[in-house]
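[1] this is the structure alone, sequence omitted:
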């Protein structure tokens, strides 16, 4: 069987994770990379002995490519995805968030459907071992009536992190902690708790000089009546403290902690099973950084979906769900009102160029 040929557009921080994973995946091959910064593209080209480019048009016209991974700033995901699909009809793996504006996400989905290509949105934390175990318990109904779900992101991003690129911490290209760092955790909360119907929020910029927020507190009501809490900040000092998810129900409680939702902290149910005694030891992993191990499992899933025409865990429609909730959070913060979903953003600044 021939290997699926991947190429990367963008060579920022997350490119290191994608290149490492693809180069080691069975049935996958990293064939090229491009970035408008030639030195960055060359660095990866030399490291993996692959051609590098400063234009994705040149790359896609000269190389044989099946899948393009979009790793550019979030505010460019939609533009690059739509252009590449319309011109070259390639499958797309898009880093989170898939876009900043809902209308852009909708257009990405429409264009990919029109041209018959797959759109995958990277939500690698869904593949963390303790998260998978928690999801199985939800699907089995072990919690009974859901009561509350909470995510906490207490990470560290100093001013120099935002100063590395002029798009970081801007409304037009990045968003704040809720869009960038906590988008994974908001996705997990929604995946576990179901459809959100109301949201209220407060945001603040406490320790760095950026347009967007470095701290946010959110309350969500879900369609099933349960409540959700999002506590997110990149103003934790002096180092990353926590990236966690907890779910409480009438028959059980689970907390997945660690700094990257990587460690089972609590696993307790009224209907205790023999297998439950092993969960605390077996569902724990220690990743070297906040990106975790999920990219390998996620991209392996992408290869399987393309080769065997399987349904993706996070396609465009699934990726859009957390983007809609994040837009609603900003709308609530800007207006000071409780926002009901579904909704049309009016005051949300995310993805909007400053005129």
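    Everything's here; your move. Model, not experiment: these values are computed from the prediction.

[2] so for stretch 298-314, what gets flagged as buried?
    Neighbour counts using 16 or more other CB atoms under 10 Å place 298-303, 305-306, 312-314 of stretch 298-314 among the buried residues. (Glycine included, C-beta is placed from N, CA and C.)

[3] cool, and stretch 42-53?
    43-45, 48, 50, 52-53.

[4] just give me the closest of these to residue 17.
    Among those, residue 44 lies closest to residue 17 (CB to CB), at 12.0 Å.

[5] distance of the closest one relative to residue 134?
    The spacing between residue 44 and residue 134, counted by CB to CB, to the nearest Å, is 35 Å.

[6] next, residue 11: secondary structure please.
    Look at residue 11: counting by DSSP: H, G, I helix; E, B strand; the rest coil, its state is coil.

[7] cool, the one 10 residues further on as well?
    In terms of secondary structure, residue 21 is helix; the call rests on three-state DSSP.

[8] verify the contact between residue 254 and residue 137 for me.
    Yes. Using CB atoms under 8 Å, residue 254 is in contact with residue 137, at 6.6 Å.

[9] the two: who's more crowded?
    For the pair residue 254 and residue 137, the greater number of neighbours falls to residue 254 (24 against 19), based on other CB atoms under 10 Å.

[10] who are the neighbours in contact with the more buried one?
    Residue 254 makes contact with 134, 137, 246-247, 264, 266-268, according to CB atoms under 8 Å, 6 or more residues apart in numbering.

[11] quick one, which of these are buried?
    134, 137, 246-247, 264, 267.

[12] sketch out the low-pLDDT regions of the stretch 251-355 of the chain for me.
    Low-confidence segments of the stretch 251-355 of the chain (pLDDT under 70): 286-292, 355.

[13] could you pull out the strands for it?
    252-257, 263-269, 339-340 (DSSP state E, counting those that start in this stretch).

[14] so where's the longest helix in this structure?
    For the chain, the longest helix by residue count, based on DSSP state H, is helix 316-335.

[15] what's the offset of it from the middle of its chain?
    Distance of helix 316-335 from the chain centroid (CA atoms, centre = their mean, to the nearest Å) equals 13 Å.

[16] before we move on, what about stretch 122-135?
    Using CA atoms, centre = their mean, the offset of stretch 122-135 from its chain centre is 12 Å.

[17] now the end-to-end length of it.
    Across its full length, stretch 122-135 reaches 18 Å between end residues, using CA to CA, to the nearest Å.

[18] may I see the buried residues of it?
    122-131, 133-135.

[19] so which of the buried residues of stretch 298-314 comes closest to residue 11?
    residue 299 (16.7 Å).

[20] for residue 6, see how far away the closest residue in space to the closest one that isn't next to it in sequence is.
    Nearest non-adjacent residue to residue 299, counting by CB to CB, 6 or more residues apart in numbering: residue 21, 5.2 Å away. Applying CB to CB, the value for residue 21 to residue 6 is 10 Å.

[21] comparing those two, which shows the higher neighbour count?
    Using other CB under 10 Å as the criterion, residue 21 and residue 6 rank with residue 6 on top: 27 against 21.

[22] tell me where the protein has helices.
    Going by DSSP H, the chain shows helices at 15-24, 38-48, 56-62, 77-88, 102-115, 129-139, 159-163, 183-193, 279-282, 294-308, 316-335.

[23] in CSV, list the ones you listed along with distance to residue 95.
    Formatted as CSV, the helices of the chain follow (distance: least, CB to CB, whole Å):
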stretch, distance to residue 95
helix 15-24, 8
helix 38-48, 16
helix 56-62, 15
helix 77-88, 7
helix 102-115, 13
helix 129-139, 19
helix 159-163, 17
helix 183-193, 10
helix 279-282, 30
helix 294-308, 10
helix 316-335, 10
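
[24] highest mean neighbour count out of those?
    For the helices of the chain, the largest average neighbour count (mean count of other CB atoms under 10 Å) is found in helix 183-193, namely a mean of 24.

[25] neighbouring contacts of that one?
    So helix 183-193 is contacted by 96-97, 123-126, 131, 134-135, 138, 146, 149-153, 178, 196, 220, 222, 224, 226, 228, 230, 232, 243, 245, 247, 261, 314, 321-323, 325-326, 329 (CB under 8 Å, 6+ apart).

[26] if you set the cut-off to 7 Å instead, what comes out?
    Here helix 183-193 makes contact (CB atoms under 7 Å, 6 or more residues apart in numbering) with 96-97, 123, 125-126, 131, 134-135, 138, 146, 149, 151, 153, 196, 222, 226, 228, 230, 243, 245, 247, 261, 321-322, 325-326.

[27] before we move on, what about stretch 42-57?
    9, 11, 15, 19, 23, 30-36, 38, 41, 59, 63, 84.

[28] do stretch 77-97 as well
    Contacts for stretch 77-97 (CB under 7 Å, 6+ apart): 9, 14, 56, 60, 65-72, 74, 98-99, 104-105, 107-108, 111-112, 115, 117-123, 179, 183-184, 302, 306, 323, 326.

[29] and the end-to-end length of it?
    8 Å.

[30] test my guess that residue 260 contacts residue 242.
    No. Counting by CB atoms under 7 Å, residue 260 stays clear of residue 242, with 9.3 Å between them.
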